[in-house]
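[1] Return a 3D structure for these sequence lines:
(one chain, ligands or ions: 1)
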Amino acid sequence: MTAGSTNESRITFEALTKRYGARTVLDGFDVGVRPGSVTALLGPNGSGKTTALRVLLGLERATSGRALIGGREYRTLDHPVQRIGALLDASWVHPRRSAGDHLAWIARASGIATDNVTRALAEVGLSGVADQSAGTFSLGMRQRLGIAATILGDPRVLVFDEPLNGLDQEGVHWVRDFFARQTEQGRTVLLSTHMLQEVEHTADRIIVLGQGTVLYEGPTDGLESGESAVEIGVREHPDADELVHRLAADHGWRVEPLPAGTGGPGYLLRGAQVEQVTTALADTPLILRRVQESGSLEQLYGRLTATRADYIGR
Ligand SMILES: Nc1ncnc2c1ncn2[C@@H]1O[C@H](COP(=O)(O)OP(=O)(O)OP(=O)(O)O)[C@@H](O)[C@H]1O
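    Numbering: from 1, shown residues only. The predicted model follows:
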């Protein structure tokens, strides 16, 4: 792959802000999506994932900032369907039209040679039902048909909104394998999801979206196997901050305050092990209320999105 084609496959959100009236949905959302990776845009319901994708696809205008495909905004692309394929809603298909006709119709409307229909149907395993009405398809088959439409123009960038929603196990596995095949060929896959459990097995990287901006961006595997960390909660104590920081300095841990909970302050101690922490705290006047290992995707997500309620309705 040439450097040029890598750049063409890159998605970039540049300080993207989107407001609906007084409501700020995206607030300087700024992140790049790497070619050759499956990247999950993760965030709670209403956090702005679909909005970010819709701006990328030219379906919404940004209030400020930009969303770029290979350095260009969607509306300036010469042959958009050959640059980016997107599936925002798999239910969008005429029920009486056959799978093949549905794709041929999209191909014609997009200026793509209809020969591509056969290739796309084969790629998603629907060749055998090409003449069957889409209305008779299961959700998983409709999803595959929607995916076939995204690859008609053989684009280097693929975007999906909640692609695993409602699928059974087999459907989920199929979609994951499909994504892996695409990135092996150097394509960029960006998907949105609000389901954390999906991410670890589906994506190589995650972008956590909250408070309208990027709360975290990084690989999914490092989250589980990376540096150890321990979350603690202690009872209110006038010197709690100072004591925790002193312990951390003695042991070489890094301290991050956690969002205030009930009953006392909380801290994330990076580089610490649970046993070290409980032993060290036993020599202080601090009373431990809770302690748990951290560093997993679930804990990270919980922590990052803990303050989202402050933002909604702003
Ligand atoms: N056209 C619009 N006018 C006003 N508000 C809108 C519009 N589109 C989206 N919103 C609001 O923007 C917020 C973000 O919506 P968005 O669909 O981007 O979130 P999401 O993260 O994709 O959530 P979900 O997982 O529920 O789809 C929501 O509160 C939504 O009500």
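[2] Could I get the phi/psi values of the closest residue to the ligand within the stretch 101-250 of the chain?
    Nearest to the ligand, among the residues of the stretch 101-250 of the chain, is residue 194, at 4.3 Å (CB to the nearest ligand atom). Every residue, glycine included, has its C-beta placed from N, CA and C. Backbone geometry at residue 194, expressed as degrees, to the nearest 10, gives phi -110, psi 0.
[3] so how far is the helix or strand that contains residue 16 from its chain's centroid?
    Element membership for residue 16, per DSSP states H and E: strand 11-20. Strand 11-20 sits 15 Å away from the centroid of its parent chain (CA atoms, centre = their mean, to the nearest Å).
[4] likewise stretch 231-251?
    With CA atoms, centre = their mean, you get 34 Å for stretch 231-251.
[5] ok, back up a step: in the strand holding residue 16, which residues are buried?
    11, 12, 13, 16, 17, 18 (16 or more other CB atoms under 10 Å).
[6] Surely the last one and residue 49 touch.
    If I follow you right, that is residue 18. No. Contact status for residue 18 versus residue 49: not in contact, 11.7 Å apart, counting by CB atoms under 8 Å.
[7] can you give me the strands in this structure?
    Assigned by DSSP state E, the chain shows strands spanning 11-20, 23-33, 38-42, 64-69, 84-87, 157-161, 188-193, 205-210, 213-219, 229-234, 254-257, 266-270, 288-294.
[8] about what we covered before: just curious, which of the buried residues of strand 11-20 is nearest to residue 180?
    Among those, residue 11 lies closest to residue 180 (CB to CB), at 18.5 Å.
[9] what bridges to the closest one?
    Beta bridges link residue 11 to residue 33, residue 69, judged by DSSP bridges.
[10] Let's test this: mean pLDDT of the strand holding residue 16, rounded?
    Averaging pLDDT along strand 11-20 gives 96.
[11] Save the buried residues of strand 11-20 as CSV, and put in distance to residue 104 too.
    Formatted as CSV, the buried residues of strand 11-20 follow (distance: CB to CB, whole Å):
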residue, distance to residue 104
11, 29
12, 33
13, 34
16, 35
17, 40
18, 35
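[12] quick one on the thing from earlier: just say which of the strands of the chain is most tucked in.
    Of all the strands of the chain, strand 38-42 carries the top mean neighbour count, a mean of 27, counting by mean count of other CB atoms under 10 Å.
[13] For that strand, name the packing helices and strands.
    helix 49-56, helix 169-184, strand 188-193, helix 196-202, strand 205-210 (3 or more CB pairs under 8 Å, 6 or more residues apart in numbering; DSSP states H and E).
[14] The strand holding residue 16 near the ligand at all?
    Yes. For strand 11-20, a contact with the ligand is found by CB under 6 Å from any ligand atom, at residue 20.
[15] where in this structure is pLDDT low?
    By pLDDT under 70, the low-scoring segments of the chain are 1-6, 222-227, 259-262, 294-300, 303-314.
[16] What residues does it have near the ligand?
    20, 25, 43, 45, 46, 47, 48, 49, 50, 51, 194.
[17] which one among these gets closest to residue 132?
    Distance to residue 132, by CB to CB, is smallest for residue 50 among the residues of the chain next to the ligand, at 30.1 Å.
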